[in-house]
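S.K.: I'll drop the sequence and a predicted model, then ask my questions.
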Amino acid sequence: MKRLSFVVVFLGAILVFPVSAAASDLTLSDALNRTLKSNPDLQKYDYQKQAAEALTLQAGFSPNPRVGLEVENFAGSGESSGLDNAQMTLSFSQVIELGEKRQQRMNAATAEEKVQQAEFEYQRIEVLAQTTQRFYRVLKLQEFIRLSKQQLHRTESLLRTAQERANAGAVANSEVTRIQLQRESQRADIEELKGQLAKAQAKLSAMWAEQPNFNQVSGTFYFPLNLPEQADVLNAVNKAPEYLRLLDSERLLQAQAKALEADSTSDLSLGFGVRYNNQSDDTGFVVEASMPLQLQDPNIGRIQQRRVLHQSNLQQQKLVRTQLRSLALALINSLQTHQNYRQKVKDTLLPLAQQLVEQTNQGYARGTHSLLQVLDAQNELAQLEYQRVSREHAIYSDVIQLERMTGQAFLGEQQ
């Protein structure tokens with residue numbers, strides 16, 4: 001089923017996991033499985049589904065027959081003081097539902113069951129998408145920490161060079177102090193990132209209502225990606241979970257209106273029985289038929305309510321479809337922007353920044369470049385590395401949002 005497969009396809013298509021992840025590492029597959037098993041928002045739907053199934057079962061029942069016993073003309077006065085003149089009637093009656101009440105009632109209950117199932121499917125996509133987003137948030141912070149440690153390593157290497165030059169009297173000791181300050185600032189940044197990572201891990205584990213029991217997530221931002229075509233995305237909007245949920249609600253309102261109209265039809269009650277007259281010791285049969293007089297429709301208000309809600313639902317369908325198409329176009333444009341910028345950073349800006357760091361480091365060792373030039377070059381390289389990861393995370397986030405919104409898989413097999 002293509003709906004709901006977006007997370008699985010996303011996992012298989014764009015993630016490259018280590019062949020054997022450590023026991024303390026968490027993969028996206030693990031996170032999704034735990035979410036499906038233990039997420040509190042999903043657990044309640046199992047009970048709601050059972051409740052809807054019970055209502056469908058209930059709707060299929062017809063009215064039970066009635067058995068009656070009637071005793072007349074006894075325990076009174078005069079000739080009716082005893083049981084000599086008593087009359088006893090034993091009767092059996094059955095209400096016959098007209099207007100296809102039972103069938104319409106079952107149709108409404110079945111439609112309600114489908115609405116509950118559609119709501120569950122919609123919520124499942126929402127929850128899995130949220131888990132996936134939180135997983136990549138953790139992965140991004142892990143990458144930030146790794147890059148920050150690389151930057152710290154570059155600073156420590158520069159510090160050793162500065163100490164050698166200061167010992168030789170080529171630079172002032174203040175330059176060593178300046179680099180030491182830079183190093184400690186970077187260490188503080190790493191500690192802050194670790195705090196953010198712990199928070200992100202806790203939020204990820206909250207998706208399956210547990211405390212974090214893993215050290216890190218296992219995965220990577222894999223590129224290049226084949227971005228979805230605009231036409232494919234716009235076509236998928238017609239099958240978006242939010243839109244399909246409205247269609248199921250529309251069918252429910254129609255079924256409920258028909259059930260109410262059928263309920264407005266009077267039912268026929270038929271009965272027969274046996275009457276015994278104690279005075280004459282005679283027995284006779286009794287047959288009765290009755291039907292309520294519907295001087296006015298008892299459900300006219302509720303039927304009108306369903307019709308108004310049905311019109312509102314149709315209007316919502318138009319608005320939701322238009323809104324989804326607009327959001328889809330915005331996400332496609334955002335994806336293209338992030339993709340182009342990331343490619344520019346990777347192919348042009350990062351190589352130049354790395355070259356600049358090498359040149360300034362060599363120049364500083366020779367005394368032709370100042371400390372400020374070296375620090376600026378290193379900071380520029382670090383910022384570009386962060387930007388690359390940020391753009392990659394943004395691309396993944398937009399793709400997840402697209403697939404969450406449409407319930408469709410676009411990426412296919414990535415080469």
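M.R.: Cool, the structure landed.

S.K.: quick check: mean pLDDT of the helix or strand containing Thr131?
M.R.: If you go by DSSP states H and E, Thr131 is part of helix 101-167. Helix 101-167 shows a mean pLDDT of 92.

S.K.: can you name the next helix or strand after that helix?
M.R.: Going down the chain from helix 101-167, the next helix or strand is helix 173-205, by DSSP H and E.

S.K.: now do the buried residues in that following helix.
M.R.: For helix 173-205, burial by neighbour count (16 or more other C-beta atoms under 10 Å) applies to 175-176, 178-179, 182-183, 186, 190, 193, 197, 200-201, 204-205. No exception for glycine: its C-beta is placed from N, CA and C like everyone else's.

S.K.: which helices and strands sit right next to that helix?
M.R.: Here helix 173-205 touches helix 101-167, helix 371-406, going by 3 or more C-beta pairs under 8 Å, 6 or more residues apart in numbering; DSSP states H and E.

S.K.: need the contact list for the spatially most central residue of the chain.
M.R.: Nearest residue to the geometric centre of the chain (C-alpha atoms, centre = their mean): Glu126, 1.2 Å. Contacts for Glu126 (C-beta atoms under 8 Å, 6 or more residues apart in numbering) come out as Arg404.

S.K.: and it, how far from Thr368?
M.R.: 58 Å (C-beta to C-beta, to the nearest Å).

S.K.: hmm, back to that, farthest-separated two in the buried residues of helix 173-205?
M.R.: Glu175 and Ser205 (45.4 Å; C-beta to C-beta).

S.K.: need the helices and strands packed on helix 173-205 in a markdown table (columns: distance to Glu261).
M.R.: Formatted as a markdown table, the helices and strands packed on helix 173-205 follow (distance: least, C-beta to C-beta, whole Å):
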| stretch | distance to Glu261 |
| --- | --- |
| helix 101-167 | 8 |
| helix 371-406 | 36 |
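
S.K.: for Leu57, find the nearest of the ones you listed.
M.R.: helix 101-167 (8.3 Å).

S.K.: now the closest one, how far from the centre of its chain.
M.R.: Centroid separation for helix 101-167 versus its chain: 13 Å, with C-alpha atoms, centre = their mean, to the nearest Å.

S.K.: just the angle for that helix relative to helix 371-406, thanks.
M.R.: Orientation check (axes from the mean of the first three to the mean of the last three C-alpha atoms, to 10 degrees): helix 101-167 against helix 371-406 gives 170 degrees.

S.K.: ok and helix 101-167 relative to helix 173-205, angle-wise?
M.R.: Computed by the same axes, to 10 degrees, the angle separating helix 101-167 from helix 173-205 equals 160 degrees.

S.K.: tell me the domain ranges of the chain?
M.R.: 6-62+97-264+299-406, 63-96+266-297 (automatic domain parsing).

S.K.: so of those, which one's packed in deepest?
M.R.: Compared across these, domain 6-62+97-264+299-406 shows the largest average neighbour count, a mean of 17 (mean count of other C-beta atoms under 10 Å).

S.K.: I'd like to know how far Leu372 sits from Thr155.
M.R.: 14 Å.

S.K.: oops, could you answer that again for Ala170 instead?
M.R.: Counting by C-beta to C-beta, the separation of Ala170 from Thr155 is 19 Å.
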